[in-house]
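Chemist: Here's my sequence, what's the structure:
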Amino acid sequence: MSTVIVPFAIVVLVVLVALFFDFMNGFHDAANSIATVVSTRVLTPRLAVLWAAFFNFVAAFLFGVNVASTIGKGTIDPSIVTAWLLLATLLGATAWDIITWWFGLPTSSSHALVGGLIGAGVVKGGWGVVQVAGLNKILLFIVLSPLIGLLAAIGLILLTARIGMHFHRSTADHVFRRLQLVSAALYSLGHGTNDAQKTMGIIAALLFAQGVLGPTFYVPYYVVIIAGVAMGLGTWFGGWRIVRTMGMKITKLHPFGGFSAETAAASTLFATASLGIPVSTTHTIAGAIMGVGATRRLSAVRWGVARRIVYAWVLTIPAAAAIAALLYSLLSLAGLR
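Modeler: Presented below is the predicted three-dimensional model:
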């Protein structure tokens, strides 16, 4: 456990910054939860955001905290964690979120946070502080999560199309519009299960570093509550620039396609969360949307837009790491380590 104990006011400051990051995560990643139901006109934008915000919040109470534990102790050595290191981490991740939101790029807030931890951690303790096993899981699923989402969505769209062909088009459309409410709720649960836990892990790591949690790392219940609230509020306000990219620019969606994309992505998120793997909800749903478009024809996917998104995915961890490393270096020069 870190021996650098800071004043209580600094701990509160870092917790507030962590909650702001969680708010930005919900704001930035609102597109993940609502883009499909908005683009298919199943719900109006405001109702879709309210729907997603509710289930993002509820998720904090329904599932375990395996992902939070991976972030809290499976990315860098928790013994080097200090309030100042976490402050640099959070500011680096938040800065990258704001940059990519401005350009309408649906990048991963989760990977921005991981990058921030690595960047600040390496400046403080060198490359030896990186938990290679935990990082390898994260890097592996940068590739696997969109691929799994894409393949699962292709399978579901083929299944739903086969079922739908036995009904009149208007009847099938009506049914899948209702089912999309369920799939959007499931996806929002998966998003809250995965993404809100990143902030839980950061706050728990801070409390552990300050000796608040005792000798054993765990995630207190009150941390689960405040992180869930912050995530829900961020989703409520919504990030409309990214909604347009996710819901309208990648491919054109119909209700049965939106249902397939959301269900495929939600299934992936539940599976990875149970394993404690902090995957990107953005990568997962984007891959699923591409899979839905590709089943019509390859040209139905705007691959130029998809290429820009993938470039941003690749840059996220190193870019957030660089920003956090710079910020922590400046704090260190000021004697704040």
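
Chemist: make it CA atoms for all contacts and neighbour counts henceforth
Modeler: Will do.

Chemist: what's the spacing between stretch 205-213 and its chain's center?
Modeler: Its chain's C-alpha centre and that of stretch 205-213 lie 24 Å apart, by C-alpha atoms, centre = their mean, to the nearest Å.

Chemist: wait, I meant stretch 47-67
Modeler: That offset, for stretch 47-67, works out to 12 Å (C-alpha atoms, centre = their mean).

Chemist: mind saving the C-alpha coords of that stretch as CSV?
Modeler: Provided in CSV are the C-alpha atoms of stretch 47-67 (Å, rounded to 0.1, in the frame of the first residue of the first chain):
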residue,chain,number,x,y,z
LEU,A,47,-36.8,9.3,-24.1
ALA,A,48,-33.9,7.1,-25.4
VAL,A,49,-31.4,8.9,-23.1
LEU,A,50,-33.7,8.6,-20.1
TRP,A,51,-34.2,4.9,-20.9
ALA,A,52,-30.5,4.3,-21.1
ALA,A,53,-29.6,6.4,-18.1
PHE,A,54,-32.0,4.4,-15.9
PHE,A,55,-30.6,1.1,-16.9
ASN,A,56,-27.0,2.4,-16.7
PHE,A,57,-27.7,3.3,-13.1
VAL,A,58,-29.6,0.1,-12.2
ALA,A,59,-26.6,-2.0,-13.4
ALA,A,60,-24.5,-0.8,-10.5
PHE,A,61,-26.6,-2.8,-8.2
LEU,A,62,-27.2,-6.0,-10.2
PHE,A,63,-23.8,-7.3,-11.0
GLY,A,64,-20.5,-8.0,-9.3
VAL,A,65,-17.4,-5.7,-9.4
ASN,A,66,-14.9,-7.9,-11.2
VAL,A,67,-14.1,-5.2,-13.7
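
Chemist: Mind listing residues that contact that stretch?
Modeler: Stretch 47-67 has contacts (C-alpha atoms under 8 Å, 6 or more residues apart in numbering) with 30, 33-34, 37-38, 184-186, 188-194, 196-198, 201, 219, 224-225, 227-229, 231-238, 273-278.

Chemist: hmm, 7 Å instead?
Modeler: 33-34, 37-38, 185, 188-189, 191-194, 197-198, 224-225, 228-229, 231-233, 235-236, 238, 273-278 (C-alpha atoms under 7 Å, 6 or more residues apart in numbering).
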